[in-house]
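>>> Got a sequence here, can you build the structure:
(chains A and B)
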Amino acid sequence: MKTNEHEIDAALQETDAIARRAARLDASSARELPGNPAGATLEDRIFGATRDVLNSSFPVVARIGPGVRPTHWGVWRIAAAFAIVAGLGGLYVSLRPAAPTTPIARADGSKAAADMELVLAAVSLLDEPLSGNFDQLAEDAARLHELVTSDRTFSTEIAEEKTRQGV
Amino acid sequence: MNAVPDTPKPESDGAELTPVLIAASRGDESAWRRIVDLYARRVFALAQARLRNPEVAEEIAQSVFATLAAKLVGGGYTERGKFEPWLFRIASNRIRDEQRRNRRHPTTHDSERIARTEGRPEESVLPPEQVTRLRWAMGQLTDADREVIELRHHGQMSFAQLAEVLGEPLGTLLARHHRALAKLKGLLEQSAQPDGTGVRAGGRLEA
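Numbers count the residues shown, from 1 in each chain, chains lettered A, B, ... in the order given. Below is the predicted model of the structure:
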């Protein structure tokens, strides 16, 4: 052991020795499994489990150990959940109705009032030349109705008209 | 049973290991076996010190060596001459990941593990009570202090290598190691006092 390159304080040497013996104890606690097909000693098992990696054209980073434990599946599950949420979000954004590109004109109170005044002015302008002839129009309509519904002939009608005019 | 690691250590940072690493990276199984024999138990011991679960510690060690093999074959090992710091950096990171997982899903009771391993012949190097006290004392250290002690003894690393792994200047690391060891000594003395702060049933101690 390369531990004598720097001297340990004499007062601490005993503690250091205890720690060293504890290290031996830990090293010796590897399981001895005679008859185990994977190997009887720690070295046999590690060699057996890793020799294929050495001959692999496509190196495997880790074949056994903590890398395949359920904890890591938990991480994958979280990542998958994030991916699903992100995917659904993207789908929603791509499928939602398009927002209007031009703003809808908002009702303008003062402009509406001005328009209304313009309409009323136009109506009154049209109404004015007609208003004085309503009676004449009504009279003509009555005469036309009478003419259509009576059995008098057209010549009679002309004669009557001439008489009325004193011709 | 394999020898407990006082096994001779190679000059792993020197040129001696380089041909072995090159051969392994070309798919030489005997070279790879040598690397596994040299380092598997040290990586395992480091994981076992932290996790107190031999099955999980072995899984970690296997996973570290799988990564190592993949990096060697795939050309991912570029730190020539610094193999051990590189290896133990991978191991430390893997162990930290496992510890984080354990904090979220605790499954192992240290006292059970200690009880299970007590009585093995090779463990007579330390009396069980002392083992329990040491575990408790190590548990009281900060992660940083504990890491220095464990990397040094379980990883069998030199201070220079430790400085590489932890990314600290050598002087800072030596001071930190001294401080951590002094804390450990104080905690061990505290746990050995006969006034009620000694070992409790189940390996738990009162601070």
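>>> In which helix or strand does the residue lying closest to residue B:35 once chain neighbours are set aside reside?
In space, and not counting its chain neighbours, residue B:35 is closest to residue B:24: 5.8 Å by Cβ to Cβ, 6 or more residues apart in numbering or on different chains. All C-beta spots, glycine's among them, are computed from the backbone N, C-alpha and C. Taking DSSP states H and E as the criterion, residue B:24 maps to helix B:17-25.
>>> Return the set of buried residues in that helix.
Residues of helix B:17-25 classed as buried: B:17, B:20, B:21, B:23, B:24, B:25 (neighbour count, 16 or more other Cβ atoms under 10 Å in any protein chain shown).
>>> Can you tell me which of the residues you listed lies closest to chain A?
residue B:24 (6.7 Å; Cβ to the nearest Cβ).
>>> rewinding a little: who are the contact partners of the residue nearest to residue B:35?
Residues near residue B:24 by Cβ atoms under 8 Å, 6 or more residues apart in numbering or on different chains: A:54, B:31, B:32, B:34, B:35, B:69, B:72.
>>> Surely the fifth one and residue B:20 touch.
This points to residue B:35. Yes - here residue B:35 reaches residue B:20: they are 6.4 Å apart, a contact under Cβ atoms under 8 Å.
>>> Show me the chain divided up by domain.
With no chain named, the answer covers chain A. Domain assignment for chain A by automatic domain parsing gives A:9-64, A:69-95, A:114-165.
>>> meant chain B actually
Using automatic domain parsing, the domains assigned to chain B come out as B:10-108, B:109-207.
>>> tell me the mean pLDDT over the last one?
In other words, domain B:109-207. Mean pLDDT, computed over domain B:109-207, is 76.
>>> same question, stretch A:77-91
pLDDT averaged over stretch A:77-91 gives 88.
>>> Please see if it touches chain B.
No - using Cβ under 8 Å from any Cβ of the partner chain, stretch A:77-91 stays clear of chain B, coming no nearer than 13.7 Å.
>>> what packs against the helix or strand that contains residue A:144?
Residue A:144 belongs to helix A:134-149 when assigned by DSSP H and E. Counting contacts by 3 or more Cβ pairs under 8 Å, 6 or more residues apart in numbering or on different chains; DSSP states H and E, helix A:134-149 packs against no other helix or strand.
>>> could I have that helix exported to PDB, CA atoms only?
Taking C-alpha atoms only, helix A:134-149 is exported to PDB below (Å, rounded to 0.1, in the frame of the first residue of the first chain):
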ATOM      1  CA  PHE A 134    -100.600  63.200 -51.400                       C
ATOM      2  CA  ASP A 135    -104.200  64.400 -51.900                       C
ATOM      3  CA  GLN A 136    -103.900  64.500 -55.700                       C
ATOM      4  CA  LEU A 137    -102.400  61.000 -55.600                       C
ATOM      5  CA  ALA A 138    -105.200  59.700 -53.500                       C
ATOM      6  CA  GLU A 139    -107.800  61.300 -55.900                       C
ATOM      7  CA  ASP A 140    -106.100  59.800 -58.900                       C
ATOM      8  CA  ALA A 141    -106.000  56.400 -57.300                       C
ATOM      9  CA  ALA A 142    -109.700  56.600 -56.500                       C
ATOM     10  CA  ARG A 143    -110.600  57.600 -60.100                       C
ATOM     11  CA  LEU A 144    -108.400  54.800 -61.500                       C
ATOM     12  CA  HIS A 145    -110.100  52.300 -59.200                       C
ATOM     13  CA  GLU A 146    -113.500  53.500 -60.300                       C
ATOM     14  CA  LEU A 147    -112.600  53.300 -63.900                       C
ATOM     15  CA  VAL A 148    -111.300  49.800 -63.700                       C
ATOM     16  CA  THR A 149    -114.300  48.500 -61.700                       C
END
